[in-house]
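[1] just need the structure, nothing else, for what follows:
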Amino acid sequence: MIRLSAKHLLLLKTIIHLGSLVPLILTFYQAVNDQLGGDPVEALLHFTGIGAFNLLLLSLTVSPLAKFLKIGMLIRTRRLIGIYAFVYALSHFLSFIFFELQLEWSLLISEIIERPYITVGFAALVILLLMTATSAQKVQQRLGKYWQKLHNWVYLSALLIALHYIWSVKSDITQPIIYWVILIFLLLLRKDKFIKPLKKTKKTTKRLA
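    Model (predicted):
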């Protein structure tokens, strides 16, 4: 068993803060100063989008990793990583609005409605927003059992992001497929979590029948 002290947890959270914020700030600085190559908008969208997906997958890795290593305190980093996943997803969306659409709000609405990969991406962002807004401990206490039900939607948001990613790629889909494999593996680690509600539903259906 590996023990994680309060100081180690603080150090780990500091690394998460720095590892998330510094690259994001640096990339936006490079974008503003035209240092992201021939297509800075595409580079910015890719960085923020893939960053959001990476952080979300990392947040989904925390629980099985903490269980495997028997480090309960590691769970305390999950919320912070999840918040940064939302920050990157929001940065991705805002970059799309400001740099791709040039603040054409009517065009944004039509894009969300008419382009499936943007539709699923926007839906994932809304889910991440709801989870971030309800991630505080006080809100968790107020919501009670409904809090866990709400935060189980993270799995749907991850699937929507994976779908958004593979639909947005126009040529080589090797990398999106790799991300799909990683996501499916992380979901399979939680198979019991998905099977139990199905069993309860079947039992309820039999009783009603």
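
[2] not counting sequence-adjacent ones, nearest residue to the residue nearest to the spatial centre of the chain?
    Against the mean C-alpha coordinate of the chain, by CA atoms, centre = their mean, the closest residue is Leu56 at 3.4 Å. Residue nearest to Leu56 in three dimensions, not counting chain neighbours: Ala85, with 4.2 Å by CB to CB, 6 or more residues apart in numbering. From N, CA and C alone the C-beta is placed, and that goes for glycine too.

[3] contact partners of the helix or strand harbouring that neighbour?
    Here Ala85 is covered by helix 78-95, with elements defined by DSSP states H and E. Applying CB atoms under 8 Å, 6 or more residues apart in numbering, the contact partners of helix 78-95 are 13, 16-17, 20, 24, 28, 41, 44-45, 48-49, 51-52, 55-56, 58-59, 62-63, 121-122, 124-125, 128-129, 131-132, 135, 154, 161.

[4] residues of the helix or strand just after it that come out buried?
    Later in the chain than helix 78-95, the nearest helix or strand by DSSP H and E is helix 105-114. The neighbour-count check on helix 105-114 (16 or more other CB atoms under 10 Å) flags 108, 111 as buried.

[5] let's test this: mean pLDDT of helix 105-114, rounded?
    Across helix 105-114, the average pLDDT comes to 91.

[6] can you check stretch 173-188 too?
    Confidence for stretch 173-188, expressed as mean pLDDT, is 95.

[7] for stretch 94-102, same thing?
    91.

[8] one step back: and for the residue nearest to Leu56, the neighbour number?
    By other CB atoms under 10 Å, the residues close to Ala85 number 28.

[9] same question for Leu36, what's its three-state structure.
    Of the three states, Leu36 takes coil under DSSP: H, G, I helix; E, B strand; the rest coil.

[10] er, Asp172 actually
    coil.

[11] need the phi and psi values for it.
    Torsion angles at Asp172 (phi, psi; degrees, to the nearest 10) stand at phi -80, psi 120.

[12] who touches it in this structure?
    Applying CB under 8 Å, 6+ apart to Asp172 gives no contacts.

[13] returning to that earlier point: for whichever strand or helix holds the residue nearest to the centre of the chain, buried residues please.
    Using DSSP H and E, the element containing Leu56 is helix 40-69. Residues 40, 43-63, 66 are the ones in helix 40-69 that count as buried (16+ other CB under 10 Å).

[14] I appreciate the help and will end here.
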